[in-house]
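Visitor: output the structure for:
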Amino acid sequence: MSTTDSVNNVSNSVLQSLQKQEGSGNSKTGTAGSALGKDAFLQLLVTQMKHQNPLDPQENGEFVAQLAQFSSLEGIESLNSSVSTIGGAFLSSIALQASSLVGRNVMVQTDKSVVDTSKDMKGSVNLTSSSTVTTVGIYDSDGELVRTLDLGSQKGGQVDFTWDGKDSHGEVAPAGTYTFKASGTIEGVATTMTTNLPASVSSVTMGSNGSEMMLNLAGLGSIALSKIQSIGI
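Guide: Modelled structure (predicted):
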């Protein structure tokens, strides 16, 4: 048997033995596997050096490849650990920020809002282009038209409006959930528009498996945190 074959056989034997030990260590503790990987690297290196013939250096490409694998695995383990730590800190920060929204009002893109009609309610219309006639129809929970707000001619963009809580007869409407239907006449064509309305955050639902964190809005259901238009209205 050549010197090269002898060295490779010894190296492979040591590697197999260490791999068995590493598998056993990993089943007991997550940190043992990482520490043993470093020991394996050093033991293989020492074994290689002990069986080298200084007068007849042999090819050791396979051994070098094995060492490279250990080094690569060790680096990946360290990287995964660092990424997990950073990811955990980031999620904790987001969760803390989201929890601070509980009890506060936010502006979201929706057509419904729980309105306290004893005071003014502010919202906005998202105009895709300039509109010659812009209106917002306000409907109660039975689908009955309560009031129509005339916003007149408006340029494209976000157009603010205020409802004083009164119906078309000047009477204060009952508090509750109302639907807002906005439309604009663009180049002679009546076009439906979206609205941004206030809502109160009642709780926060943490995302799982990479899903986005959700805000639970009083009387309106849930919405993704990224859909919030503004906070503290």
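
Visitor: which positions in stretch 218-233 come out as buried?
Guide: For stretch 218-233, a neighbour-count test (16 or more other CB atoms under 10 Å) marks 220, 223, 225, 228-229 as buried. Just so you know, the C-beta spots here come from the backbone N, C-alpha and C atoms, and that holds for glycine as well.

Visitor: tell me the domain boundaries of the chain?
Guide: For the chain, the structural domains run 3-99, 110-198, going by automatic domain parsing.

Visitor: ends of the last one, how far apart?
Guide: It stands for domain 110-198. Between the opening and closing residues of domain 110-198 lies a distance of 9 Å (CA to CA, to the nearest Å).

Visitor: quick one: mean pLDDT for it?
Guide: Per-residue pLDDT values over domain 110-198 give a mean of 95.

Visitor: neighbours around residue 178, how many?
Guide: Around residue 178 sit 23 other residues, with neighbours defined as other CB atoms under 10 Å.

Visitor: so for the helix or strand that contains it, what gets flagged as buried?
Guide: Using DSSP states H and E, the element containing residue 178 is strand 176-186. Buried residues in strand 176-186, counted by 16+ other CB under 10 Å: 178-180, 182-184, 186.

Visitor: list the buried ones in stretch 199-214?
Guide: Within stretch 199-214, the residues that count as buried by 16+ other CB under 10 Å are 199-201, 204, 207, 213-214.

Visitor: export those residues as CSV, with columns for distance to residue 113.
Guide: What follows is the buried residues of stretch 199-214, written out as CSV (distance: CB to CB, whole Å):
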residue, distance to residue 113
199, 6
200, 10
201, 13
204, 20
207, 25
213, 22
214, 18
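
Visitor: of those, which pair is most distant in space?
Guide: When these are compared pair by pair using CB to CB, the farthest-apart members prove to be 200 and 207, with a separation of 21.1 Å.

Visitor: of the buried residues of stretch 218-233, closest to residue 107?
Guide: Within the set of the buried residues of stretch 218-233, residue 229 lies nearest residue 107; the separation is 4.3 Å, counting by CB to CB.

Visitor: so the nearest residue to that closest one once chain neighbours are set aside: helix, strand or coil?
Guide: In space, residue 229 comes closest to residue 107 once its chain neighbours are excluded; the distance is 4.3 Å by CB to CB, 6 or more residues apart in numbering. Following DSSP: H, G, I helix; E, B strand; the rest coil, residue 107 is assigned to strand.

Visitor: partners of residue 107 in the sheet?
Guide: In this entry, residue 107 is beta-bridged to residue 198, residue 230, by DSSP bridges.

Visitor: tell me, how many residues neighbour it?
Guide: Residues near residue 107, counting by other CB under 10 Å, number 19.

Visitor: likewise residue 134?
Guide: Burial measure for residue 134: 23 neighbouring residues, criterion other CB under 10 Å.

Visitor: could you number the chain from 38 rather than 1 from now on?
Guide: Renumbered: residue one is now 38, and that last one reads residue 171.

Visitor: could you check the angle strand 213-223 makes with the helix or strand hosting it?
Guide: Element membership of residue 171, judged by DSSP H and E, is strand 168-176. Between strand 168-176 and strand 213-223, the angle formed by their directions is 160 degrees, by axes from the mean of the first three to the mean of the last three CA atoms, to 10 degrees.
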